[in-house]
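Engineer: Below is the sequence, then the predicted model.
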Amino acid sequence: MNTPSSRMTPAAALEEGEEVIASFQADRMTYIRDHAWMAALAMGGGMAILWTTGNPHVWTGAVGGLAAIVIRGWYVASDELTARWDLTDRRLLGPQTRAVRLDQIAQVRGLGSAVQVVSKGGDKHLIKYLADKSTVMDRIRRAAGI
């Protein structure tokens, strides 16, 4: 059965002798905080656009921006909050079939509350809404030897 939580967990089978050494999952409070910041920016942006175009109802930009982010947050929460990444002694396994071998990781960097993993081939993977992105970055870097 393909439930929302099973769609957002690693589906790649472990290789013989491969072990999961850490798992990283989205944090609900970080998700809410990030969406609050997005809502504030959307509200300000909506109001600024209406103000610069001469619209006399500038306040509606705030309502529209807030509504857009609340709806987005509600709509994607079931996937984003169940996403899990597993770090093994050989690979970083992401939701569904995403996988990158540790010796193919070129860069690990933070983006807000997320960690971006860039492979030597240029593939980019984003582990989002982490409560402690620094620890996640350190674990991946140590495992990858970078």
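Structural biologist: That came through, no problem. Numbers count the residues shown, from 1 in each chain.
Engineer: The residue nearest to residue 47 when sequence neighbours are not counted and residue 146, how far apart?
Structural biologist: Using Cβ to Cβ, 6 or more residues apart in numbering and skipping residues adjacent in sequence, the residue nearest residue 47 is residue 61, 3.8 Å away. Just so you know, the C-beta spots here come from the backbone N, C-alpha and C atoms, and that holds for glycine as well. Distance of residue 61 to residue 146, given as Cβ to Cβ, to the nearest Å: 44 Å.
Engineer: One more: residue 100?
Structural biologist: The gap separating residue 100 from residue 146 is 12 Å, by Cβ to Cβ.
Engineer: Pick out whichever of these two has more residues nearby.
Structural biologist: More crowded of residue 100 and residue 146, by other Cβ atoms under 10 Å: residue 100, with 22 against 12.
Engineer: what residues does whichever helix or strand the more buried one is part of touch?
Structural biologist: For residue 100, the host element (DSSP states H and E) is strand 99-101. Here strand 99-101 makes contact (Cβ atoms under 8 Å, 6 or more residues apart in numbering) with 10, 12, 90, 91, 92, 93, 117, 119, 123, 125.
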